[in-house]
Each structure stands twice: as structure tokens, then as C-alpha cells.
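Q: one predicted model, sequence on top.
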Amino acid sequence: MIEPLNAILAQSEGINLVLLMEPVIATVTPEMPLSVAFEKTKKLDVEHLPVVSSSRAEGFIGVLNCRAVRRSLSAEVLARQQKADGACV
């Protein structure tokens, strides 16, 4: 099961600041499943989307950096695969 964005953001080791040079064309909320957020980025052909509070339309929380999330997910999959490989030996 894919975690909601708020779980991913809670695990973040640092804050990356992104200067928005173009108008915001879409946003995501922390409760949104990561798969839905990724589909939005793919459809819009963007790598970053602002994360806003679902309770306040103007409440900025942070930025979803898809490249960083993909790296993190890849590292997690590799670690689990290596752990499973070690358990099978």
C-alpha cells in the first residue's frame, strides 16, 4: 500500500526550498495518496508540486519533489530486496 503524502513528508530528513518561477497550476494535500500525486505530476509534466493544507486552501506546507521521492523509494526497495535475499540464504 502506498503511504499518504503526510507520512512521506514526516520522514523527510531535510527541507528543500524551491523558488516557484511559474504560476502554480496544481497542488496536492498531505492526505492524498502518493500514487495520485505522482499521476498529477506525470499528467502535468512537472517534477514538483506544492503541498497545501486540506483545511485551508492557502495553507502552504511544503513541496513534493518527485525525483527525491523516487530515489527514496528505490533505496527502500533495494534495502528490502537485500534483506530478503539475505534471509533466503
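A: All right, it came through fine.
Q: can you show me the strands along the protein?
A: In the chain, the segments counted as strands under DSSP state E are 48-52, 60-65.
Q: the last one: partners in the sheet, and parallel or antiparallel?
A: Each strand that strand 60-65 pairs with, and the sense of that pairing, follows from DSSP bridges: strand 48-52 (antiparallel).
Q: can I get the strands of the chain in CSV with mean neighbour count and distance to Pro30?
A: Where C-beta positions appear, they are placed from N, C-alpha and C, glycine not excepted. Formatted as CSV, those follow (neighbours: other Cβ atoms under 10 Å; distance: least, Cβ to Cβ, whole Å):
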stretch, mean neighbour count, distance to Pro30
strand 48-52, 19, 6
strand 60-65, 18, 6
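Q: so where's the protein shaky on pLDDT?
A: 1-22, 56-58, 88-89 (pLDDT under 70).
Q: mind listing the helices for it?
A: Ranges of helices in the chain, per DSSP state H, are 5-10, 34-44, 66-88.
Q: mind listing what Lys43 touches?
A: Residues near Lys43 by Cβ atoms under 8 Å, 6 or more residues apart in numbering: none.
Q: quickly note the distance from it to Pro50.
A: For Lys43, the distance to Pro50 (Cβ to Cβ, to the nearest Å) stands at 16 Å.
Q: ok, Val63 next?
A: Distance from Val63 to Pro50, by Cβ to Cβ: 6 Å.
Q: cool, and Gly62?
A: 8 Å.
Q: can you check Phe60 too?
A: On the measure of Cβ to Cβ, Phe60 and Pro50 end up 6 Å apart.
Q: Val69 too?
A: Per Cβ to Cβ, Val69 is found 15 Å from Pro50.
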